[in-house]
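S.K.: the amino acid sequence is not available; the structure is as follows:
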């Protein structure tokens, strides 16, 4: 069962917890960004839910629901305490940097996650990280810039390079130390969630593991913010259900990431994956989670990354995660996805284009959505 | 065989024509927008082509090619007269209105084609056309606005309404008369190309007829500008080959139109077709033709038309064709595709968003493309 | 409106015709293979249908229906005259040869259509036709063998060879004359339906024209039996609606043909199209029409034609249409789809395999379907 | 590096092992079914491979290869020791039962794996297992029958039933004890491979974990025979690469399982997944592994399981894995995939149909393949 509760209602929270313990459940609290928090009753909560009228009567309870199907923890529209449809507040996922600033996914401004596909050397990673910081400073958006870098790489072929492992994590730590920017990195093995999570500011679950349910639950229990990429061949609602696996452990700090789907048409040789941008708009309507876009894996070629990121802005995504290299020369040294990383000089102009979009175009878009009632 | 010839080389053109007649071929001239025109040798031109060295030696001939495969008439990159790869000038397709202004597809500015799915009554059509004119006047872009309206409708089910036929054409004529705006309308039957073409300013070939080769050739022979929608299930290069059927009759005034593809994911209920925006970028690289986008058939729902059009702007399309209605009330009266038409009030803001994009964002995009050498 | 009427009820038929004429409709009669014929009221039959109770009361009328949606002419399950769901008799489509035998599609035995992709020379076509006759004689199934050959070829590229046209039809006529076997050939141009149809025993509508509605109606009006291939990218019900366009003109002699769909997976290089065999089973459940399978276009490679045809037998298709050449040497001379034609020697063994399947395996399959109530 | 070595060449094997240890590698031996075994050099074997000429000169070495790409361990065609293409023996995967009989996947006869989606109660599971045994006895094919049953169930939704866990394994153990039939069960968690593997005769890796590389390697290290289902959205070669992850740990006892792919067309409501039968034929050509088919997950509806299994027989698959229930009544009690299980009575006739196919049809098919050189 899920309960929306006004912030600061400690007495009610205690009563909920007592009831949960009595029925063998555990309670997790996800802080909301408005005036409501979300209380998750973890475990089989059918007995607990049979006390619905009691719960709804407690002071500060706005809604409580126990859908049999549906991705109940993350759904945007739920049944409120008078039986009416109720729109929940959208979720803002915060990732704090050493610089003391919080990157706020879903906070209304585009968050720029960038960096190497994977840290290969300290020099390369630091160079890219410093340039990311410079871009943030140049445009006065340091609180919207974050690093990315995969130390553990999933590879279709077992003989391909799989990343530096914990050495790569140490390099990312150094990049954070130097720049103050927080970083996200992929975790593939449920047994490494705590070890990697002790370092990284945010964890990423990749495409191939989007339905590795043990991993999803491990990340859910761990509790740090996570980016969940859409799985190979997964329909939009299968993706939301994967997010629900994390949320169902009491962790609502999930950022959905669209990275394009293989279709008949992606075999034409002109892009690696066909972006399903309408799924981003659908996610905004169906869930409370922020949604970002990965133009690099969609494109598979740095020469069309810019077009794809701007296209996603048309769907008002909350951010992007883009592979970047510090120099054109470095592209040749990359051991994975060499062709898709954008040089930082070009990325800097692309950031500017997104900012121009936010300033001049997005307000018009929002005006239309308000007229249509879909904002 | 295709020959690129400097404008004004009448003597050379006469020599080419003489040679063509001698080998049983016909000559068609497509005027270019730069300093070169394209000369098409229609019919089996193998004998003609055996005189290649003679032709390349004629004054003013820049290139001549006779590929065995490939969409030779519309290809961007061809073999020049020294055997080197040569980039042809991109094509600008002009459609003139009664107002004396030419709408220039591919001329660097977004062309806005709008209007009803189909003219049902004179009042409705005039109302929408007047509002289209007002939008053009409001933003000072009258030379970028055109009307659309289907009098002959292809319908999956034989019992569905199929449009007013020639009565619908008469209504579109009246809308043009009243507003000065030129219009495009669909032709499905090869036997009606001349009859409809005598009225319309531009012909449209729809998705279901994209590989109706007799129709394509009839439109090619007729010679008026045409919009060619991408066919159901067609890969990008199949679409280019359909354009080649038109071009092969000597008509290069073709505007490609991406309208989304059915994929596994479009069955999620959140959009009708998945736009293949990277195919637009691919078309710009592979062909000389302008390319526009149809957000209405992609969306299938007016509430997501705006997002889809702005996404296409990310790929720098040359224009858009959008279904519009004059009032919300009218939507209920529509006999076809009722849900996808945008009310003119909302469309007006969307036009503004596109113009803001052109002014503030597109220059950044073009700067990146120049750095990448893909402009 | 559609009416099912007992055979031989001339008085009732006259009354129906009178009523139809009065409301501006035309009547077409499709003879059934059981004791009921189907009467089609052509044109807008809403006024006519308002006399439903009168019609249902006429002697010999078993059912009459006027669905607003649905493929009413070909649907398997319709509303009977007491308002109950009623399963119509499945359709048997007969094609008679000069040998006086009727090939009965849907009559419970696999019909073997074979022959060249297109007749290129008289010798080649006669050689293949004679071998087809020999196969029929060898297995005592001459009344189940038919010829195929395309004189008018749809080609993605305008410069590819498009067949011999009416000269090719003359060659097919000669092959029929020599062997007594009837033939089917493709028609692409609505203006040629009568001209080609005056020669051919059966017309084929190809994949690219499956939604060329003018052509479908022309074939419907013409009345000869037709094979309707499933269109590029068409969902199963879109295909049924295309059949409905033919049926709606009063021609129920339609044979559906599954020829595989392009999907993401067909890009793996191991087959040209992915057969949608479950759509064949679905067609048998939803429509009264026979359904055949084209293993050649699915395979795109003669080395996997056999596997694909046998797979279709698992779905109990009513026949197959297979490209064959008389000798391996001839394959190299083919101007279209050279790789997919099976040599007649191999085809002969494949025919034997299908006959073994019919004798030994199909009865077990039918026993299961009877237990499941899906026969 | 992979080495093919004659059986019984212990001295050569020792020399190979010494060399491997020297370069920090480990050696695993996969016994072949003919006269050659496969020696896998595990770990980074580049240094080891630099001694290629020495290795090729050792007595009994037939081939040694170290491809940079490719699924080297399982590829059918490799480079032999004279640099020529060499076809490896196809793999036979044996699973022994308590009854002392080996089920031989790839041994030329269809292996029938059947049983409940998941064991829910002892009674239900025993009833189904006994009926499976009876089917085996009835047709004299007890050495071709195996059980299946999932104790750990992957579920798209976190709130769906996930199986009985180790209690379910105990039930499967009891079914084996009672019937002597070996069983296969799914493992999803790399940490449970040893625990589940200590009980089960064969492990299954499911669709959602087909690219969970840690799990694949754990199963590879564990060494027991495994069924590898094709992953959601995975192209055929991605599937082979997943098998390569297992093989790369020295375990070649892998059975590939095609279970259908989601495509645009599976949304028509007439099947759950579109089988990619040509991928089965492709797998037979590209790899040495046996390949089986899962008609239950393709169909998603027990009423079309028979058609789909017979279709797969057209592609000469090595076996099938089918969900069965003992009675129609039990279907209603199932907690997962209730609709797709076939009642044992019907399954028994289906087994008979497959056996008839083997006897009467398959020999004709094999004759064609021999003529084509693709057997």
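M.R.: Everything's here; your move. All values reported here derive from a predicted model rather than from experimental measurement.

S.K.: drop to CA atoms for contacts and neighbour counts, all remaining ones
M.R.: Will do.

S.K.: spell out whether stretch A:285-299 and chain C are in contact.
M.R.: No - Stretch A:285-299 is not in contact with chain C by Cα under 8 Å from any Cα of the partner chain; minimum separation 15.8 Å.

S.K.: does stretch A:335-352 reach chain D?
M.R.: No - using Cα under 8 Å from any Cα, stretch A:335-352 never reaches chain D; the gap is at least 14.0 Å.

S.K.: who touches the residue of the stretch 251-375 of chain A found nearest chain C in this structure?
M.R.: Residue of the stretch 251-375 of chain A nearest chain C, by Cα to the nearest Cα: residue A:264 (3.8 Å). Neighbour list for residue A:264: B:235, C:262, C:263, C:264, C:265, C:267 [criterion: Cα atoms under 8 Å, 6 or more residues apart in numbering or on different chains].

S.K.: and stretch A:130-149, what's buried?
M.R.: Along stretch A:130-149, these residues count as buried under the neighbour rule (16 or more other Cα atoms under 10 Å in any protein chain shown): A:130-136, A:141-149.

S.K.: one more: stretch A:336-354?
M.R.: Judged by neighbour count using 16+ other Cα under 10 Å, the buried positions of stretch A:336-354 are A:336-338, A:340-354.

S.K.: cool, stretch A:191-199 as well?
M.R.: Of the residues in stretch A:191-199, those scored as buried under the neighbour-count criterion (16+ other Cα under 10 Å) are A:193, A:194, A:196, A:197, A:199.

S.K.: point me to the residue of the stretch 201-350 of chain A nearest chain D.
M.R.: Closest point on the stretch 201-350 of chain A to chain D, by Cα to the nearest Cα, is residue A:233, at 4.3 Å.

S.K.: so for stretch A:356-375, what's the average pLDDT?
M.R.: Stretch A:356-375 shows a mean pLDDT of 94 in the predicted model.

S.K.: please enumerate residues in contact with it?
M.R.: Counting by Cα under 8 Å, 6+ apart, A:109, A:285, A:313, A:316, B:303, B:306-307, B:346, B:349-350, B:352-354, B:356-357, B:360-361 sit against stretch A:356-375.

S.K.: roughly how far out does it sit from the chain middle?
M.R.: Relative to the chain's own centre, stretch A:356-375 is displaced by 23 Å; criterion: Cα atoms, centre = their mean, to the nearest Å.

S.K.: distance between the ends of that stretch?
M.R.: Across its full length, stretch A:356-375 reaches 21 Å between end residues, using Cα to Cα, to the nearest Å.

S.K.: TSV for the contacts of residue A:264, including pLDDT and secondary structure?
M.R.: As requested, these are arranged in TSV below (pLDDT from 0 to 100; DSSP: H, G, I helix; E, B strand; the rest coil):
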residue	pLDDT	secondary structure
B:235	94	coil
C:262	95	coil
C:263	95	coil
C:264	93	helix
C:265	94	helix
C:267	88	helix
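
S.K.: now, which of these sits nearest chain A?
M.R.: When those are compared for distance to chain A (Cα to the nearest Cα), residue C:264 comes out closest, at 3.8 Å.

S.K.: which SS class is the residue most central in space within chain A?
M.R.: In chain A, the C-alpha closest to the average C-alpha coordinate belongs to residue A:255, at a distance of 1.9 Å (Cα atoms, centre = their mean). Classification of residue A:255 by DSSP: H, G, I helix; E, B strand; the rest coil places it in strand.

S.K.: what's opposite it in the beta bridge?
M.R.: The bridge-partner assignment for residue A:255, based on DSSP bridges, gives residue A:227.

S.K.: and the two most separated of the contacts of residue A:264?
M.R.: Spanning the widest gap among the contacts of residue A:264 are B:235 and C:265, at 14.0 Å by Cα to Cα.

S.K.: quick one: which of those two has more around it?
M.R.: The residue with more neighbours, out of residue B:235 and residue C:265, is residue C:265; 25 against 18, by other Cα atoms under 10 Å in any protein chain shown.

S.K.: quick one, phi psi at the closest residue to the more buried one other than its chain neighbours?
M.R.: Using Cα to Cα, 6 or more residues apart in numbering or on different chains and skipping the chain neighbours, the partner closest in space to residue C:265 is residue D:235 (6.1 Å). The phi and psi torsions at residue D:235 (degrees, to the nearest 10) take the values phi -70, psi 160.

S.K.: any idea how far residue C:293 is from residue D:235?
M.R.: As it turns out, when the distance is counted by Cα to Cα, residue D:235 lies 25 Å from residue C:293.

S.K.: same check on residue A:252?
M.R.: Applying Cα to Cα, the value for residue A:252 to residue C:293 is 51 Å.

S.K.: which of the two has more neighbours?
M.R.: The residue with more neighbours, out of residue A:252 and residue C:293, is residue A:252; 29 against 26, by other Cα under 10 Å.

S.K.: residues contacting residue A:197?
M.R.: With contacts defined as Cα under 8 Å, 6+ apart, the neighbours of residue A:197 are A:203, A:222, A:224.

S.K.: meant to ask about residue A:335
M.R.: Listed by Cα under 8 Å, 6+ apart, the contact partners of residue A:335 are residue A:161.

S.K.: what does stretch A:6-13 contact?
M.R.: Applying Cα under 8 Å, 6+ apart, the set of residues contacting stretch A:6-13 from outside is A:35, A:36, A:37, A:58, A:59, A:60, A:61, A:62.

S.K.: try it again with 10 Å
M.R.: If you take Cα atoms under 10 Å, 6 or more residues apart in numbering or on different chains as the criterion, stretch A:6-13 is touched by A:5, A:16-19, A:27, A:29, A:31-39, A:55, A:57-62.

S.K.: ok, and of these, which contact chain B?
M.R.: When contact is defined as Cα under 10 Å from any Cα of the partner chain, the contacts of stretch A:6-13 do not meet chain B at all.

S.K.: can I get the buried part of the residues you listed as one PyMOL selection?
M.R.: In PyMOL syntax, the buried subset of the contacts of stretch A:6-13 is picked out as below (16+ other Cα under 10 Å):
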select buried, chain A and resi 5+16+17+19+27+29+31+32+36+37+38+39+55+58+60+61+62
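
S.K.: which ones among the contacts of stretch A:6-13 are found in helices?
M.R.: Applying DSSP state H to the contacts of stretch A:6-13, the entries found in helices are A:16, A:17, A:18, A:19, A:55.

S.K.: what residues are bridge-paired with the spatially closest residue to residue A:29 that is not a sequence neighbour?
M.R.: Closest residue in space to residue A:29, ignoring its immediate chain neighbours: residue A:39 at 4.7 Å, by Cα to Cα, 6+ apart. Per DSSP bridges, residues listed as beta-bridge partners of residue A:39: residue A:3, residue A:29.

S.K.: tell me the contacts of residue A:39?
M.R.: Residues counted as contacts of residue A:39 (Cα under 10 Å, 6+ apart) are A:1-5, A:13, A:16-17, A:27-31, A:64, A:73, A:250.

S.K.: out of the residues you listed, which comes closest to chain C?
M.R.: Distance to chain C across the contacts of residue A:39 (Cα to the nearest Cα) is lowest for residue A:73, with 33.6 Å.

S.K.: columns pLDDT and secondary structure on top of the buried residues of stretch A:191-199, output as a markdown table?
M.R.: Compiled in a markdown table, these are given as follows (pLDDT from 0 to 100; three-state DSSP):
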| residue | pLDDT | secondary structure |
| --- | --- | --- |
| A:193 | 97 | helix |
| A:194 | 97 | helix |
| A:196 | 97 | helix |
| A:197 | 97 | helix |
| A:199 | 97 | coil |
